[in-house]
Structures are given as structure tokens and as C-alpha cells.
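> Okay, sequence plus prediction incoming.
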Amino acid sequence: MRIRRARLDGGDRRKRSSRLQMAAMTFKPVPSDVLQRVRVVAVTGEWIARAGRLYGQVFPEIPVRFDLEGRAAGMYQVRGAQRVIRYNPHLFARYPRDSIEVTVPHEVAHYVTDMLFDMRQLRPHGAQWRAVMHDMGVDPCVTADYDLAGIPVRRQRRFVYRCLCREHRLSACRHNRIRRGARRYSCRSCDGELIYDTADATNRSR
Ligand SMILES: [Zn+2]
Ligand SMILES: [Zn+2]
């Protein structure tokens, strides 16, 4: 008798636990990468709306996709009449803060530049894009390390700087800031100030 009852109880418990499992599956918390994508899409929309207010225009929201591979964190793409912002899901998962703060406004600025000036006539990171970044209150220099794939970009000239421990290659944007005395940069490893390499200067003046 006891044994039978025990079995019944056991069976009952199994049934109950499988019901609990089903409930757990139904109410599974939304994975963090999904939440992050929702947030990135929302932030992208906010930047587009903010730029619209800035220029007194309505820039329609455009599709945002997370299908970019490789070294580029983001890409603004035009195919025919279709405009899209693509993000790199791997880099966004790895560097969530940089992605939201740097990549999102960077790509939105490409879109806005395209709407204002027709990007095909311009260099991607030219004066118009930088002006839009400036108007949006975003530092275009911070984006210098972000590559574009798919959009033809002239390879940026890099300027050789040295700290106490190694060589650094700086974008023209940063180089010009240092030349103007507007900024100083120091190395994250040794904390030494970055000094322009005299050999690099000599090579260029030749
Ligand atoms: Zn860009
Ligand atoms: Zn160093």
C-alpha cells in the first residue's frame, strides 16, 4: 500500500514539476541581448528625432538591423530607395556602452547627412558629416577608430605618435587637435603624453 501511494505521490510531483517547467518556459525572462537590441533601436530613433528637431525636418525612422559582421561596429546603407542602419551584434554585445554612445550617433549622423546633402556626392566622414556630428553635440574624433565596411572610404591618414612605451597611430582629426593645442592625449598603459614622431613629420614634408 505504502509503496503504491509513494508511487502515486511521485507521479503527481513529476506532473506538477513539469507544469512548473512549462510555466517557467512561458514566462522566461527576456534575454539581455534582446533587451539591448530593443534599447539600441530606441536610442537610434531618439537620435533621429533629435536631429529632426535640430534641423526643423522630419527624418523618417529607418530599419535597424543587427546583421553586420567583421570589424565595423555600424554601417549606414542605401540601396535604391531603401535606407538602413546596420549594427554589429558581436561588437554591441562586447562593448555595449561604446556602441550606444559612439556608434549609434555616428550612424545616425550618416543618415542625417544623407538626407540633408545627398551623401553620394560627399566623402563619408567629410565636412558635412562632421558638421552634423557637431550640431548633434557628438565628438567626431571619438569615432575615428570605427571602420566602415561597404561604404567606399579613403583610407584615413594616420599620424605616428609615441609615448614612453610604444607607437600610437592617430587620426588626422586628433592630430589637428593636438597641433592647435586644443587637446593632449596620453597613453592608457604608461600614462605618458603622446608626442608626434619627428620621423613621421619629416617623411610627410618630403
Ligand atoms: Zn562613419
Ligand atoms: Zn605608453
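Perfect, thanks for sending it. Ligands and ions are numbered 1, 2, ... in the order given.
> from here on, contacts and neighbour counts on C-alpha atoms
Fine.
> After the helix or strand hosting residue 112, which helix or strand is next? Please name it.
Assigned by DSSP states H and E, residue 112 belongs to helix 104-117. Of the helices and strands lying after helix 104-117 in sequence (DSSP H and E), the nearest is helix 127-136.
> what comes into contact with that next one?
Applying Cα atoms under 8 Å, 6 or more residues apart in numbering, the external contacts of helix 127-136 come out as 50-51, 54, 105-106, 109-110, 112-113, 117, 122, 139-140.
> The helix holding residue 112 vs helix 127-136, what angle?
Orientation of helix 104-117 against helix 127-136 (axes from the mean of the first three to the mean of the last three Cα atoms, to 10 degrees) gives an angle of 120 degrees.
> what is the mean pLDDT for helix 104-117?
For helix 104-117, mean pLDDT is 94.
> returning to what we had before: quick check: the farthest pair among the contacts of helix 127-136?
Greatest spatial distance in these: 50 and 122, 23.0 Å, computed using Cα to Cα.
> correct me, but residue 103 touches residue 73?
Yes - the pair residue 103 / residue 73 is scored as a contact, 6.6 Å apart, by Cα atoms under 8 Å.
> interface residues of this structure facing ligand 2?
With Cα under 5 Å from the ion as the criterion, the chain comes near ligand 2 at residues 163, 164, 165, 187, 189, 190.
> quick one: the helices in this structure?
Secondary structure of the chain, counting by DSSP state H: helices at 2-26, 32-55, 89-94, 96-98, 104-117, 127-136, 172-179, 198-205.
> most packed of those helices?
helix 104-117 (a mean of 22; mean count of other Cα atoms under 10 Å).
> any idea how far the residue nearest the centre of the chain lies from residue 53?
The residue lying closest to the centre of the chain (Cα atoms, centre = their mean) is residue 103, at 2.5 Å. With distances taken as Cα to Cα, to the nearest Å, residue 103 is found 21 Å from residue 53.
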